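[1] Let's see this in three dimensions:
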Amino acid sequence: MDVPHPVLAVAMAENCSFCHRLRADVAANHTAMKRLRATVLLTGDGGTAAFGKPLDRILMSELARARADMKPLGTPTAVRARPGAEPALFRGYDRVTAALAELSGAAPGQVVCETPSSCSVKVSSEPVDALVTARSGGRVVGVAARGQDAMAVVARCTEPAAGATVYAPITLLLERPERLYLLYRGGELIGRLRSAEHAGEMLRRVLAGFASSPSGAGAEVRVLCGAVVRPAAAGALLFPRHWMTHLVKHASRLERAGWEVCPDPFTRLRPGPDWSVLLSGRPAPAPVVGVLIDRTGRPGADVRTRDLLLAQVVNWIARPTAPEEAQRLAGLLYPLLFHVGTVDEALSFLGAQPSP
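    Take a look at the predicted model:
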């Protein structure tokens, strides 16, 4: 098919949660979509929505009909046509989002894109009032805001990336529905802040975390998990990322026991003296003293139980990674004590410890 300029035709489905998230991202990126030097077609059960440069009606109809061929591959799926080039196929939210970002002028891998969850679809279902393509080192992070108060914080605390019309999916969202500022990363609640100053400080910290070096750079290993830190006792515990929202909602209880929930997008670990493991952070690294693990079944007496738990935690390593990095993480975690239980049991365990 001959096209006058780049065209991306995306097959969507009404019952696809990833498609709903993609539509929310497109709506938030309305300025970038208008300025595209290409055409984007979102074709679904309700018809076709066109963005960017105008396209001949006949070509648009032909590309819209291609949805029937792409839909069996799963949704969202996209095909990109360019003048004088073979068509390229993109399957899944991540790859379609990357194609949209590159069409808007971003370099490959420059824009942060995280796989959505059912929770993130719910969080992003309502329209946002602003989206900033914020700079984080050499990367771009989409930061959205709902409400005037949240918009003011985001505008004050982010540095727009050069070429601010680059397409960037919503990665962080700040809102103030009542008295507290709520900061989300995807579907995770990572902060409940009482003031605009505290919200701004956390937003800056989280953005800085996306600029940190990936696994394999230096001695640090990036892990996609949460951490609670006890500054007065100079100790930290790791926990599964899906516990983040629950622990943040009970942050006041944890604070009374001396614990702080780290909002960082990645937990960065490195070896310390005497076989210790250090959690990189501010104002100083803290030694990791254990790992809280979700009880997925009744632990048995098998001597391999600890090895299985260790493998579960090693699987938290941030991707992309290499086998040697997973081995290095396993070596770091091996001496640590594992605490197995539910998130509520973990909360009771943390809250019951006397504050130093």
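
[2] wait, what's in contact with the spatially most central residue of the chain?
    Centre of the chain computed as the mean C-alpha position; nearest residue by C-alpha atoms, centre = their mean is Glu114, 4.3 Å away. Glu114 makes contact with 169, 171, 185-186 under the criterion C-beta atoms under 8 Å, 6 or more residues apart in numbering. Any C-beta I mention is one placed from the backbone N, CA and C, and that applies to glycine too.

[3] Taking those, tell me the two that lie furthest apart.
    Pro169 and Arg185 (12.1 Å; C-beta to C-beta).

[4] Could you check which of the two is surrounded by more residues?
    The neighbour comparison of Pro169 against Arg185 (other C-beta atoms under 10 Å) goes to Pro169, with 29 against 23.

[5] Spit out the contact partners of that one.
    21, 25, 29, 97, 111-114, 142.

[6] just Thr75 next, same as before
    11-13, 16, 18-19.

[7] where does it land on pLDDT?
    pLDDT, Thr75: 94.

[8] What distance do you get for it to Val141?
    If you measure Thr75 against Val141 using C-beta to C-beta, to the nearest Å, the figure is 26 Å.

[9] Near His246, how many other residues are there?
    Residues near His246, counting by other C-beta under 10 Å: 15.

[10] Which residue, neighbours along the chain excluded, lies closest to it?
    Residue nearest to His246 in three dimensions, not counting chain neighbours: Val343, with 5.1 Å by C-beta to C-beta, 6 or more residues apart in numbering.

[11] Pretty sure Val248 is one of the things that neighbour touches, is it not?
    No: in this structure Val343 lies outside contact range of Val248 using C-beta atoms under 8 Å: 11.5 Å.

[12] any idea which of the contacts of Thr75 is closest to Thr133?
    Among those, Phe18 lies closest to Thr133 (C-beta to C-beta), at 21.4 Å.

[13] follow-up on the earlier one: show only the entries of the contacts of Thr75 found in helices.
    18-19 (DSSP state H).

[14] so which of the contacts of Thr75 comes closest to Val223?
    Distances from the contacts of Thr75 to Val223 were compared by C-beta to C-beta; the smallest belongs to Phe18, at 25.1 Å.

[15] related to what we said a few turns ago, now do the residue nearest to the centre of the chain against Tyr184, distance only.
    On the measure of C-beta to C-beta, Glu114 and Tyr184 end up 12 Å apart.

[16] do the same with Ser195
    In terms of C-beta to C-beta, Ser195 sits 18 Å off from Tyr184.

[17] Looking only at neighbour counts, state which of the two leads.
    Set side by side, Ser195 and Tyr184 show more neighbours around Tyr184, with 21 against 11, by other C-beta under 10 Å.

[18] So the more buried one, which state does it fall into?
    Per DSSP: H, G, I helix; E, B strand; the rest coil, the local secondary structure of Tyr184 is strand.

[19] coming back round to it: what is the neighbour count of the residue nearest to His246?
    By other C-beta under 10 Å, 19 other residues sit near Val343.

[20] residues in contact with it?
    243, 246-247, 294.

[21] Got a PyMOL select line for the buried ones in those?
    Of those, the buried ones go into a single PyMOL selection, burial set by 16 or more other C-beta atoms under 10 Å:
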select buried, resi 243+247
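
[22] Settle this for me: Ala155 is touching Ala134, isn't it.
    No: assessed by C-beta under 8 Å, Ala155 is found out of contact with Ala134, at 10.4 Å.

[23] All set, thanks.
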